[in-house]
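Peer 1: pasting the sequence and the predicted model now:
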Amino acid sequence: MIKINRLYSEPQIFEPISFEYGINIIMGEEAESTNKKIGVGKSICIEFINFCLLKRIADSRLNLIPKKYSDITESQIKLDLDFNDKKITISRSIKNQEEISIFVNGEEKIFDRLDDASDYLGSLYFELFPTNLKRLSFRNLLQPIIRDERSEFKDLIQSHDTKKRIPSDFGPHLFYLNLGLEKYSEIKTLNDELQKRKTYFTETKKLVTQNDELKIQDAKAHLNELESEVLKVNKSIEGLKNNESFELLQEDLVRLENRLSELRTRQQAIKYEIKQIDSLPKPENINENEISIIFNQFKQGLGDLVEKSLDDLKGFKSKIDGFRSSIVNNRLTALKKELTQLNEVVRKLDDDYSQKISLVDKGEVLRDLKTSIKIFNDKNSELSNLRSLIERYDTAERDKKLFEAEKTVLISDFDEELYQKSKIIKSFRETILEIHEKIMGNREAHFDIKTTKNKSVVEFVMRTDDDGSHSTERMKVFIYDVSLMLNEYTKQYHPGFLIHDNIFEDDDSIEKSLNFLYGFNEKSPNEFQYIVTLNSDLIELAAQNNKLHFNVNDVKRAAFTKENRFLGFKYNETK
């Protein structure tokens, strides 16, 4: 449905590359001055194709090209495509990556948002499909068929850089298989909601159980006890309110409580002042001889200015000490007298208060009106909070269970759809076995699709001969991807092209894999397009030993070396 025809740029920053049906190799070769083939631009070439197919710049290695190379970042990168029955050219620059021009049969359509361009290409892609078919975004559709070398080819579903922790998305794979995409999407959405409910449930449970220090049953038992306590206190207060003399007594009790509060505050103030007076230092007793010596010294110095005698000085000191003692002692006496009087008044008021309380209080709960009301308010507040938390907990638990039950039903429906369409899975499995036999020499492989209760919703199970080794895992991915492109059922939904960036690691796997694709294209020409980057030394030995069924030069679309790089020069990617 989509055939890549040509990658080029305006103004030109690299040599145009044309592509055909069947195998298309972008080769890394040795230069005369060096045998190194790494870093010549094969992967960047693929990145440019991917960029034109609307890959986000933030996810692309093109974003790491230093901005100083303005001729690269400002040039329009262009990709010519056969898109269903239309001739399309996509044009885009690194500098203005959101501005995209799409030429459809020569007519230009300009987009200033990447998502809008993606929606447009998606609408073109799906226009030949039934309108009720579950759709994907254009970029999502291409996710499994353009494998980044940084994916390491070790997972059927993940096709991006392994350093990016992106959740597996089975959507496009299920779309190609025409299996359960709608149910998958519903369960994924339900999973997100269920996760929110579980988080809310867990947080509420921690509040009810005081960070899991209690059990839920204990919290509910405490709720029952609180309800009983609040009922008893409330019953006593209501009993007061129903008493005929309650209003009069209430006024008296409130008045007495306020008066007692004032008096007790005064009591505390007097006690504090008495304590302060008791801590004052006593008048110092000075020796008379010492006074005489000091006085005579001053008298000699002052001459006739001082006429008072020593006896006058002593008399003056006695008056000062007497005046001080009088003030302190009088104040202390007055305070103690006031305290005695206050104590008597407080005692009488306490007796009066107790007498009035006894008229309405049966002695079960109520001892002090203010205290009882405070207890009631505190207990009632605690009761309301705990009741609210437990109600939230019960509701959260119920919601969680409802979502889990709904998920169980959807998974059951998904399983039923897999069963009803088992012929597709069986056909796809057979395609895998056929390719495995031609490449690996046996049919010791297996493929199945199963639903799961975890976040991934579904699991693709694929087993091959010698599972687990690095090269075998790569071949497993190759066989799966090619099967997805060529199977009689999946090719109806598949774009018809596949791009692998450095998937092959040894000449044996290259020889058998490419021979299979070449032979398939010979029998059924113009049905697929396979673009692969590889280094020449991995295919040279097979070519020299005449193990290849084709001439490498016939399928080589571009070749790069250290002296003839894709972009013409070496640069260091920004970090």
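Peer 2: It's in.
Peer 1: for Y353, list the residues it contacts.
Peer 2: By Cβ atoms under 8 Å, 6 or more residues apart in numbering, the contact list for Y353 reads L253, L256, E257, L260. Bear in mind the C-beta positions are built from the backbone N, C-alpha and C, glycine included.
Peer 1: for PyMOL, write the select line for the buried members of these.
Peer 2: This is the PyMOL syntax for the buried subset of these, where burial follows 16 or more other Cβ atoms under 10 Å:
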select buried, resi 253+256+260
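Peer 1: could you redo the contacts of Y353 as JSON lines and give each row distance to Q268 and pLDDT?
Peer 2: Listed next are these as JSON lines, based on distance: Cβ to Cβ, whole Å; pLDDT from 0 to 100:
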{"residue": "L253", "distance to Q268": "22", "pLDDT": "70"}
{"residue": "L256", "distance to Q268": "19", "pLDDT": "75"}
{"residue": "E257", "distance to Q268": "17", "pLDDT": "79"}
{"residue": "L260", "distance to Q268": "13", "pLDDT": "80"}
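Peer 1: Y8: which of the contacts of Y353 is nearest?
Peer 2: Of all these, E257 has the smallest distance to Y8: 94.6 Å, by Cβ to Cβ.
Peer 1: is the closest one in a helix, a strand, or coil?
Peer 2: The local conformation at E257, judged by DSSP: H, G, I helix; E, B strand; the rest coil, is helix.
Peer 1: just the one 3 residues further on next, same as before
Peer 2: The assignment at L260 comes out as helix when based on three-state DSSP.
Peer 1: thought it was touching D350?
Peer 2: Yes. L260 lies in contact with D350 (Cβ atoms under 8 Å); the separation is 7.0 Å.
Peer 1: tell me where the model's unsure across this protein.
Peer 2: For the chain, the stretches with pLDDT under 70 are 31-38, 233-234, 236-252, 280-328, 355-376, 468, 507.
Peer 1: quick one: stretch 441-455 to chain centroid distance?
Peer 2: 31 Å (Cα atoms, centre = their mean, to the nearest Å).
Peer 1: okay, it in PDB with CA atoms only?
Peer 2: What follows is stretch 441-455, C-alpha atoms only, in PDB (Å, rounded to 0.1, in the frame of the first residue of the first chain):
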ATOM      1  CA  GLY A 441      16.500 -25.500   8.400                       C
ATOM      2  CA  ASN A 442      13.700 -26.800  10.600                       C
ATOM      3  CA  ARG A 443      10.100 -26.100  11.900                       C
ATOM      4  CA  GLU A 444      11.100 -26.100  15.500                       C
ATOM      5  CA  ALA A 445       9.300 -22.900  16.300                       C
ATOM      6  CA  HIS A 446       6.000 -21.800  17.700                       C
ATOM      7  CA  PHE A 447       3.800 -18.700  17.900                       C
ATOM      8  CA  ASP A 448       0.700 -17.900  19.900                       C
ATOM      9  CA  ILE A 449      -1.300 -15.000  21.300                       C
ATOM     10  CA  LYS A 450      -2.600 -15.000  24.800                       C
ATOM     11  CA  THR A 451      -4.400 -12.500  27.000                       C
ATOM     12  CA  THR A 452      -2.900 -11.500  30.400                       C
ATOM     13  CA  LYS A 453      -4.200  -9.700  33.500                       C
ATOM     14  CA  ASN A 454      -1.200  -7.400  33.700                       C
ATOM     15  CA  LYS A 455      -0.800  -4.000  32.100                       C
END
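Peer 1: got the contact list for that stretch?
Peer 2: Contacts to stretch 441-455, defined as Cβ under 8 Å, 6+ apart, come from residues 167, 177, 179, 191, 407, 411, 414-415, 418, 425, 428-429, 432-433, 436-437, 457-465, 479-480.
Peer 1: mark which of these are buried, thanks.
Peer 2: Buried residues within those, counting neighbours by 16+ other Cβ under 10 Å: 177, 179, 191, 407, 411, 414, 418, 425, 428-429, 432-433, 436, 457-458, 460, 462, 464, 479-480.
Peer 1: can you flag which of these belong to helices?
Peer 2: Using DSSP state H, the members of these that fall in helices are 177, 191, 407, 411, 414, 418, 425, 428-429, 432-433, 436, 479-480.
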